[in-house]
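[1] Provided below for reference: sequence and predicted model.
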Amino acid sequence: MSKSASSDVASASFSTASSSKGAVSRARRSSSPAYSSLTDVQTSARAIRYIFQARFQDANHLLTSNRNSSSSASLSATHSFVAFTQALVSYESDQISDALALWKQTEKLCSASKNDSAEDKLEQKVLLADAKICSTFLQLLQSADFGGLLKGSWALRQAWKLYQSTYEDLLKQIEQSFRHGELSKTEVAILRHNLPHPFQGDGPAGGYTASERDLVLSHSRPLFMRLFQIMGLVCYGFGCFHLLLSLLPGHLLKWLKFLGFEGDMHVGMRALTYCMNSPDSKSLLARMTLIWFHTVIQTYYAIDEDQMQEGIDSAGVLLEGLDNPLRASPLVQFFDCRLMRYKGNFDGAIQSYTSSLESSTYVKEINVLLHHEIGILRFQLQEWNSSIDHLLKCFHEGRWGKILYAYLIGLCYGVMKDVAKAQEFITQVPGLNVMKGAPLEMFLTDRATLLTKDHLSNPSICSLLAMEIIYFLNCPQLLLEPLSRSMMAGLEAVTNPTFIPLRYFIQGRLHEDLKETKDAIQCYREAIRMGDQLCTSKNGFVSCGEHVPAFASYELAVLLCKSKLTFDEGKEFFAKSGDGYKACHFRNRLHVKIHLAKKAFGES
């Protein structure tokens, strides 16, 4: 049985376990923890589904009406999560405050001393960990000073310990229930199947057939389904922790491990897959998290076509597991269109984005996201006029990324030889830097500060800078060959010595996309050689230039390590890339790429 099919069976069985009790009186249902838990999870699952359909009002109404007649920590946590999502999307201060207040209520519900069942207490520990993480994130949005960071680190450590202890307690509960005859051997095997190492437990060993699994799920005994649901819940938090921490630079991971944290990408993905196939309300959320990872993260850090294709294929399978109403929602379309772009179907992606814009569902922030995607895609295809139309909407209507949109629009006008307009937007960039320590904002500020009128009046330089920012925005690189050839030819017009290293770097990327590996290697070598010369000179532009030889060294190292003959030289360029450029922009991102690439090549 496929994972998607297994998830459907689990969800359907959980629904049946609740709906088949319809003859039971409302009074009996509300007084039974098992029935209440089943109902709460179903309600939470509906609300999370509404989020991905951009139906935030429906989600809030559903949860508010149910919370009025229930003191369920599960419903409170889901309501808080809906508010948390809205706050992240809108970035409105009042919505951040409302979400924080809801999470505080959830913490109180989870911490209150009640005469709850053992299963309820396990669930409350996980929800308390969720509350600490989300509250910390929101507080850091409000104020990311040193004291806030220390307090946040402590809260994250508490959450990590809660996840760990809940795992251990849950496994003990499963083994104890088996010894008491409350769970069958097959039920225990299902609960332990595909659990992330090292939390697999010491219960009864053995596998099961697909028919045995279907039989167990079709009967859906309340205790088994409740434990399955809680295991899925804790796997979501544990999985996200591992996945996100694994994307930090290696030197930070060492410190985090010293503090008791771990970040293993494979453990994180396995935990999220377990949650996705469980009957917990976050199963859809786990699926979408995995789709995000495959389409946004794995494709960016892939070192070859095989890794890239693996991510694309995995995301495609996960998307196919969604029903048609969800597939048609704008948020899911975002991922669908990314897959189209990776496959070179740009027209299909634009058509799909446009269709989502014209849909009856209107959420301002979702519309801004769609305009962003269309604008960036047009920008990548060098359709400057069309790109400006969409980027201007983002610039005027969005709360996030105004600094980026000003920079992109300025480059568009520069390519189109409208120097006055180009200057108008580029000069706004430094003043739009509201997140002073953010890598992208720092890079854009430095670039904009050092761009002169002469630079902006040169369309070739503006086009080169456009290709540079596309590289750092993690845009799908696959372009049709005629466009790549045209870009390559246009770059020959860049003769300003300051931009020659960057020109070679971008040419190397284009050669690599065209499968011209020898030419790509030569271009990267030139980018490094000439970039190093500039970085050791007194040129005023150099403060924004170290990233060129640094990333060229990384790209060259990846190509060289693919051959046994040049493997050792490749390792040398990994070392040069990571240690040789202390003032490099996007340095943490570069270190993550190096760390993951070396692991892929079997290097520690």
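    Structure's in. What do you need? Residues are numbered from 1 along each chain as shown.
[2] which stretches of the stretch 501-604 of the chain have low pLDDT?
    538-544, 604 (pLDDT under 70).
[3] Which residue ranges of it form helices?
    517-535, 547-561, 567-579, 587-600 (DSSP state H, counting those that start in this stretch).
[4] Identify whichever of these lies nearest to Q158.
    helix 587-600 (25.1 Å; C-beta to C-beta). For the C-beta atoms, the positions are set from N, CA and C on the backbone; glycine is no exception.
[5] re earlier: of the helices of the stretch 501-604 of the chain, which approaches M231 most closely?
    helix 587-600 (28.6 Å).
[6] Return the distance of the closest one from the chain's centre.
    The chain centre lies 17 Å from the centre of helix 587-600; the measure is C-alpha atoms, centre = their mean, to the nearest Å.
[7] Repeat that for stretch 383-394.
    25 Å.
[8] Output it as CSV - backbone C-alpha positions only.
    Extracted as CSV, the C-alpha positions of stretch 383-394 are listed here (Å, rounded to 0.1, in the frame of the first residue of the first chain):
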residue,chain,number,x,y,z
GLU,A,383,10.1,40.2,-19.7
TRP,A,384,10.8,43.5,-18.0
ASN,A,385,7.6,45.4,-18.6
SER,A,386,5.3,42.6,-17.5
SER,A,387,7.5,42.0,-14.5
ILE,A,388,7.3,45.6,-13.4
ASP,A,389,3.5,45.5,-13.4
HIS,A,390,3.4,42.7,-10.9
LEU,A,391,6.3,43.8,-8.8
LEU,A,392,4.8,47.3,-8.4
LYS,A,393,1.7,45.7,-6.9
CYS,A,394,3.9,43.9,-4.4
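[9] Give me the buried stretch members for it, please.
    Using 16 or more other C-beta atoms under 10 Å as the test for burial, stretch 383-394 gives 383-384, 386-388, 390-394.
[10] Which strands and helices lie in contact with whatever helix or strand F334 lives in?
    For F334, the enclosing helix or strand under DSSP states H and E is helix 330-342. Using 3 or more C-beta pairs under 8 Å, 6 or more residues apart in numbering; DSSP states H and E, the elements in contact with helix 330-342 are helix 283-292, helix 305-320, helix 324-327, helix 346-357, helix 364-380.
[11] for stretch 341-351, which positions count as buried?
    For stretch 341-351, a neighbour-count test (16+ other C-beta under 10 Å) marks 341-342, 346, 349-350 as buried.
[12] Start and end of that stretch, how far apart?
    End-to-end distance of stretch 341-351: 12 Å, with C-alpha to C-alpha, to the nearest Å as the criterion.
[13] Identify the residues contacting it?
    295, 299, 308, 312, 337-338, 340, 373-374, 377-378, 381, 475-476, 478-480 (C-beta atoms under 8 Å, 6 or more residues apart in numbering).
[14] Would you show me how to pick out the buried ones of those residues in ChimeraX?
    Of those, the buried ones go into a single ChimeraX selection, burial set by 16+ other C-beta under 10 Å:
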select :295,299,308,312,337,338,340,373,374,377,378,381,475,476,479
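[15] burial count for the nearest residue to E365 once chain neighbours are set aside?
    Nearest residue to E365 in three dimensions, chain neighbours excluded: V89, at 4.4 Å (C-beta to C-beta, 6 or more residues apart in numbering). Using other C-beta atoms under 10 Å, V89 is surrounded by 21 other residues.
[16] is it true that V89 touches V368?
    No: V89 is not in contact with V368 according to C-beta atoms under 8 Å; the separation is 9.3 Å.
[17] For the helices of the stretch 501-604 of the chain, give me CSV that also has distance to A406 and mean neighbour count.
    Shown next, in CSV, are the helices of the stretch 501-604 of the chain (distance: least, C-beta to C-beta, whole Å; neighbours: other C-beta atoms under 10 Å):
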stretch, distance to A406, mean neighbour count
helix 517-535, 26, 19
helix 547-561, 20, 25
helix 567-579, 30, 17
helix 587-600, 22, 20
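[18] can you tell me how far the residue nearest to E365 sits from G375?
    Relative to G375, V89 is positioned 18 Å away (C-beta to C-beta, to the nearest Å).
[19] what's the answer for C462, then?
    Applying C-beta to C-beta, the value for C462 to G375 is 16 Å.
[20] list the contacts for L456?
    Contacts of L456 (C-beta under 8 Å, 6+ apart): 410, 414, 419, 422-423, 426, 462.
[21] Which pair in those residues has the greatest spatial separation?
    Maximum pairwise distance among the contacts of L456 (C-beta to C-beta): 11.6 Å, between Q423 and C462.
[22] neighbours around A101, how many?
    Neighbour count of A101, defined by other C-beta under 10 Å: 13.
[23] can you check T64 too?
    Neighbour count of T64, defined by other C-beta under 10 Å: 12.
[24] and it, what element?
    According to DSSP H and E, T64 maps onto helix 56-67.
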